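Q: quick one: sequence plus predicted model below, questions after.
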Amino acid sequence: MVVVGAGITGLAAAHELITAEPNLEVVVLDAASRAGGKILTTEFAGRMVDEGADQFLVRQPEMAQLCREVGLEDRLVTPQALGASLLVDGELRRFPPGLMLGVPTDIDGLAASNLVSDAAIAHLRETPNRQPTPLDPNDDPSVAELVRRELGDEVLDRLIGPLLGGVHAGDTERLSVRCAAPQIAAAAAAPEGLLAGAQAQVAAAAGRAPAPVFNGLVGGTSAAVQALVAELGHRLFLQTPVHQVRIDAAVGEQASGTQAHPVVVEHQGGITRARGVVMAAPTGPAATALAETAPTASELLAAIGYTSVVLVTFAFAESSVGHQLDGTGFLVPQDQIKLLKACSWLSRKFSHLSDGGVIARASAGSRLAPGAIDLPDDELSQQLLDELTPVMKITEAPTEVRITRWHQGLPQFDPGHLDRVAAIRRSVADAGPITIAGAGLEGLGLPTCVRQGRAAAAELHSRLQEKPR
């Protein structure tokens, strides 16, 4: 079996195949010089600090379970700081309790937070008196369209926009609610409308035992990549881009009794024949590789857009930061300052990063501001530092700076995205023993990628077990 792509999706797929059939020969091919995709941890200011994803949702258990399976259970940690803030008029204001992906379920708490105007609060209080418009099961509006209609502009601009727009580096006007915010879509489908549906979700969660929201890994999320790479051993081939995946019909029609290898994988190192392939590469390379075999899927994959983001990590002496840094960091609404979109206080978030001064990771760039990735290093870091300084009350220059550019790093999910994904999957399945997974299909987040990778591998293995070999 061949897995194309050694990001967390592909590595999870390979792990699933090896777990299902330990003697199975699994080969993983990736064009990059290292495994892990958008997961990268390097030494910074004397600590191992992530340059990409640094935590994952606990309520989606797939990533934590994978960590346990590869022997990392004792390295799972939860953030020591809780809560975040919003930058409004140069001041950090704490998000109130009761938010569900930014949807306010505690109106009194929101009113006390001073994040939105009295008029916005009055509009929310009147929501139960308005005729609800439950989200139709066949409808997939943008996040902005749905939230604006149900809750108003300020909730969109001050709460949901910074949160979802920040996570996806996207434009809520063009962001599929079903793909990017399935919890909001589920709440909006309630007969009483979005606000009541969100309040019901929060109330149901409140009835369960308290649990952490996020997990991280001591040593960074690359620890999971390293464990999965060690499991693969010599079966991982880096700097090996895949050019084409095609079906050899003649081999597929061989009589049973021989183990057919009908899929031909043409790559930088030559040709590998396989019983089946899990395509776990980004959508662009996947589109190219499947152009001949699954043209419909290829066309749809090629149309999925991406945007670039850049992360600048700063180290400061503890004495040079005047803000108390309560919480995990802060988000920035679109209309506040020019470049900075969010800042995560990593040294406050995780106890294993707390010794040795403050580590703050600033993010810039989005679908609405695509130019950040192209700024020169000095200009980029200085502008972000200038924007951070009054907020964090910084009095001295950083002791260390690291710039991480993720060119075309985040897929963008336009309304109707999941319908297009369903068509991609049908096209790939019709082509032969090939499955497909990845962040560009069903959404961001390590648990989502792990779930997709394992599901694609399990589906492929099951399909091949059902056929005579």
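A: Yep, it's here.

Q: contacts and neighbour counts: CA atoms only from here.
A: Fine.

Q: right, and the helix or strand after the worst-scoring helix or strand of the chain on mean pLDDT?
A: Lowest mean confidence among the helices and strands of the chain (mean pLDDT, DSSP states H and E): helix 249-252, at a mean of 68. Sequence-wise, the next helix or strand downstream of helix 249-252 (DSSP states H and E) is strand 263-267.

Q: tell me the average confidence for that next one?
A: In this model, strand 263-267 has a mean pLDDT of 97.

Q: which elements pack onto that strand?
A: Where contact means 3 or more Cα pairs under 8 Å, 6 or more residues apart in numbering; DSSP states H and E, strand 263-267 is packed against strand 242-247, strand 270-274.

Q: who does that strand pair up with?
A: strand 242-247 (antiparallel), strand 270-274 (antiparallel) (DSSP bridges).

Q: other residues contacting that strand?
A: 240-248, 271-277, 432-433 (Cα atoms under 8 Å, 6 or more residues apart in numbering).

Q: check stretch 319-330 too.
A: With Cα under 8 Å, 6+ apart, stretch 319-330 has contacts from 81-87, 92, 342-346, 348-349, 358, 391-396.

Q: not counting sequence-adjacent ones, nearest residue to Thr221?
A: Asp54 (6.0 Å; Cα to Cα, 6 or more residues apart in numbering).

Q: dump the residue contacts of the one you found.
A: Asp54 touches 216-217, 220-221, counting by Cα under 8 Å, 6+ apart.

Q: so how far is Met48 from it?
A: Distance, Asp54 to Met48, by Cα to Cα, to the nearest Å: 11 Å.

Q: residue ranges with poor pLDDT in the chain?
A: Scanning the chain for pLDDT under 70 picks out 209-210, 251-259, 467-469.

Q: thinking again about what came up before, and the contacts of stretch 319-330, which of them are buried?
A: 81, 84-87, 92, 342-346, 348-349, 358, 391-392, 394 (16 or more other Cα atoms under 10 Å).

Q: thinking again about what came up before, tell me the phi and psi of the residue nearest to Thr221?
A: phi -120, psi 0 (degrees, to the nearest 10).

Q: re the thing from before, and among the helices and strands packed on strand 263-267, the most buried is which?
A: Scoring those by mean neighbour count under mean count of other Cα atoms under 10 Å gives strand 242-247 as the most buried, with a mean of 21.

Q: mind exporting it as CSV, just the C-alpha atoms?
A: The C-alpha coordinates for strand 242-247 follow below in CSV (Å, rounded to 0.1, in the frame of the first residue of the first chain):
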residue,chain,number,x,y,z
VAL,A,242,4.5,11.9,-6.8
HIS,A,243,3.8,12.8,-10.4
GLN,A,244,0.9,10.5,-11.3
VAL,A,245,-1.3,7.9,-9.8
ARG,A,246,-3.0,5.7,-12.4
ILE,A,247,-4.7,2.4,-12.7
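
Q: need the residues that contact it.
A: Contacts for strand 242-247 (Cα under 8 Å, 6+ apart): 4, 29-31, 262-268, 285, 288-293, 431-432.

Q: shared neighbours, Asp54 and Met48?
A: Common neighbours of Asp54 and Met48 (Cα under 8 Å, 6+ apart) are Gly220.
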